[in-house]
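*Asks:* Below are the sequence and a predicted model for it; my questions follow.
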Amino acid sequence: MILVGILFIYLAVAKEFEPMLLIPIGFGIIVGNIPFTPGYQIGVYESGSVLNYLYFGVLKGIYPPLIFLGIGAMTDFSALISNPKLMLIGAAAQLGIFGAYMLALLLGFSPQEAGAIGIIGGADGPTAIFLSSKLAPDLMGAIAISAYSYMALVPVIQPPVMRLLTTRKERLIRMKPPRQVTKLEKIMFPIIGMLLTTFIVPSGLPLLGMLFFGNLLKESTVTKRLADTAKGPMIDIVTILIGLTVGASTQATTFLTPKSVGIFALGAASFVVATFGGVMFVKILNLFLSEGNKINPLIGNAGVSAVPDSARVSQVVGQEYDKTNHLLMHAMGPNVAGVIGSAVAAGILLSFLA
């Protein structure tokens with residue numbers, strides 16, 4: 001496990017794979033696997049230790065909503081507001097969650113464990129931690145490490161699937177520039193969005209409520225200090241704490257099990273299925289759209305909520321075939337929709353399985 005921690009740090013420094021996440025997690029893995037004599041209140045699982053107190057925020061699902069508050073404060077929903085049908089792509093990409101859930105059931109995991117594992121397909125680390133803390137606390141370390149690992153590997157996992165599922169003609173589709181969104185629309189979106197999603201899935205309120213609250217702080221323009229705090233110092237502090245303590249929770253005695261290996265395999269499968277669902281949905285949707293309104297299927301991968309990495313992948317792959325075709329702004333629509341979609345999916349799983 002110490003070697004795994006060092007590998008995470010190497011990937012963060014040398015390859016720049018999600019360094020803000022992998023360095024705290026990697027160092028936390030090293031911290032959590034230093035040999036010690038039980039009873040000295042040192043380990044993350046020993047009651048009264050400093051690490052145990054910090055881990056409380058993970059175990060009780062406190063940190064993920066705070067991260068969602070910061071995400072909301074730094075997210076611009078303009079691309080989604082200007083083209084609401086992109087929301088459907090974010091929903092389609094959640095196929096990875098329910099695909100992994102069914103696979104986990106087939107492999108013998110309990111329904112609660114399968115639900116916690118399935119959320120890895122949403123490519124949303126905080127949501128994975130929040131749901132696993134409620135449904136399968138004993139698997140939380142493996143699920144969190146798997147979710148964050150595959151989030152970091154989005155630029156490696158998604159492009160081959162995107163190329164396999166699309167033709168050259170489809171990759172060259174140019175989309176209309178998004179329309180200008182008014183300030184009133186930006187202010188109304190988090191209010192309406194919260195009401196619609198939380199009335200349908202009340203169990204998603206801790207995540208969805210904080211996400212839309214953070215966005216309202218940003219878009220109202222009269223609470224700039226609060227928005228800056230949420231998207232800056234606060235989210236940075238919580239990211240450090242969640243990364244370090246999740247890493248420290250991977251003590252070899254509790255982490256190195258056959259279940260953990262199965263979770264990593266299912267996590268990879270869920271990312272592939274999520275990318276497949278997003279890209280194929282765009283291809284199907286294009287059958288019903290006129291020639292000038294078609295959507296480039298390369299933005300289908302952005303339906304997973306790895307913001308903004310999966311949107312950048314859409315841009316990079318698109319420019320391999322046409323350097324003047326800029327897909328990033330369009331891809332941000334399904335990308336931010338994926339954040340909402342993964343939180344809604346977590347709420348659905350929680351309401352049925354808790």
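*Replies:* Thanks, I have it.
*Asks:* From the chain's centroid, how far away is stretch 232-251?
*Replies:* For stretch 232-251, the separation from the chain centroid amounts to 15 Å (computed by Cα atoms, centre = their mean, to the nearest Å).
*Asks:* Now it: buried residues?
*Replies:* By neighbour count on 16 or more other Cβ atoms under 10 Å, the buried set for stretch 232-251 is 234-235, 238-251. (C-beta placed from N, C-alpha, C; glycine too.)
*Asks:* Any idea which helix or strand in the protein has the lowest mean pLDDT?
*Replies:* Every helix and strand of the chain was ranked by mean pLDDT, DSSP states H and E. The lowest is helix 252-255, at a mean of 78.
*Asks:* so how far is that one from its chain's centroid?
*Replies:* Here helix 252-255 shows a centroid-to-chain-centroid distance of 25 Å under the convention Cα atoms, centre = their mean.
*Asks:* C-alpha coordinates for that helix, CSV please?
*Replies:* What follows is helix 252-255 as a C-alpha-only set of coordinates in CSV (Å, rounded to 0.1, in the frame of the first residue of the first chain):
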residue,chain,number,x,y,z
ALA,A,252,-3.6,-2.8,4.3
THR,A,253,-5.4,-4.9,7.0
THR,A,254,-8.8,-3.6,5.9
PHE,A,255,-8.1,-2.5,2.3
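*Asks:* What lies in contact with that helix?
*Replies:* Residues outside helix 252-255 that contact it (Cβ atoms under 8 Å, 6 or more residues apart in numbering) are 1, 33, 45, 138, 141, 142, 249.
*Asks:* Quick check: buried residues in it?
*Replies:* Buried residues in helix 252-255, counted by 16+ other Cβ under 10 Å: 254, 255.
*Asks:* and if you look at stretch 77-84?
*Replies:* 77, 78, 79, 80, 81, 82, 83.
*Asks:* so the fifth one makes contact with residue 189?
*Replies:* Read that as residue 81. Yes. At 5.6 Å, residue 81 counts as touching residue 189 under the criterion of Cβ atoms under 8 Å.
*Asks:* Please list the residues outside stretch 96-115 that contact it.
*Replies:* Around stretch 96-115, the neighbours that count as contacts under Cβ under 8 Å, 6+ apart are 117-123, 131, 135-136, 139, 259, 262, 266-267, 269-275, 277, 304, 342, 345, 349-350, 352-354.
*Asks:* next one: stretch 196-205
*Replies:* By Cβ under 8 Å, 6+ apart, stretch 196-205 touches 208, 209, 340, 343, 344, 346, 347, 348, 350, 351, 354.
*Asks:* Report the two members of the residues you listed separated by the largest distance.
*Replies:* 340 and 354 (20.6 Å; Cβ to Cβ).
*Asks:* the more surrounded of these two?
*Replies:* Counted by other Cβ atoms under 10 Å, residue 340 and residue 354 do not tie: residue 340 has more neighbours, with 25 against 11.
*Asks:* List phi and psi for that one.
*Replies:* Here is the backbone geometry of residue 340 (degrees, to the nearest 10): phi -70, psi -40.
*Asks:* ok, it to residue 92 distance?
*Replies:* For residue 340, the distance to residue 92 (Cβ to Cβ, to the nearest Å) stands at 13 Å.
*Asks:* of the buried residues of stretch 232-251, the lowest pLDDT goes to which?
*Replies:* Minimum pLDDT for those is recorded at residue 251 (84).
*Asks:* nearest spatial neighbour of it, skipping sequence neighbours?
*Replies:* Nearest residue to residue 251, sequence neighbours excluded (Cβ to Cβ, 6 or more residues apart in numbering): residue 32, at 5.2 Å.
*Asks:* How many residues are close by the one you found?
*Replies:* 27.
*Asks:* That one and residue 46 touch, don't they?
*Replies:* No. Residue 32 is not in contact with residue 46 according to Cβ under 8 Å; the separation is 11.6 Å.
*Asks:* Now stretch 315-323 - C-alpha only, PDB.
*Replies:* Extracted in PDB, the C-alpha atoms of stretch 315-323 (Å, rounded to 0.1, in the frame of the first residue of the first chain):
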ATOM      1  CA  GLN A 315     -12.100  19.400 -27.000                       C
ATOM      2  CA  VAL A 316      -8.800  17.500 -27.400                       C
ATOM      3  CA  VAL A 317     -10.300  14.600 -29.300                       C
ATOM      4  CA  GLY A 318     -12.400  16.900 -31.500                       C
ATOM      5  CA  GLN A 319      -9.300  19.000 -32.400                       C
ATOM      6  CA  GLU A 320      -7.500  15.900 -33.500                       C
ATOM      7  CA  TYR A 321      -9.800  15.900 -36.500                       C
ATOM      8  CA  ASP A 322     -10.500  19.600 -36.900                       C
ATOM      9  CA  LYS A 323      -8.200  22.100 -35.100                       C
END
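*Asks:* List of residues touching that stretch?
*Replies:* 155, 159, 162-163, 168, 171-172, 296, 298, 325-328, 331.
*Asks:* list the buried ones in it?
*Replies:* For stretch 315-323, a neighbour-count test (16+ other Cβ under 10 Å) marks 315, 317, 318 as buried.
*Asks:* contacting residues around the nearest residue to residue 280 once chain neighbours are set aside?
*Replies:* Distances taken as Cβ to Cβ, 6+ apart place residue 165 nearest to residue 280, at 6.4 Å, with adjacent residues excluded. By Cβ under 8 Å, 6+ apart, the residues touching residue 165 are 276, 279, 280, 283, 297.
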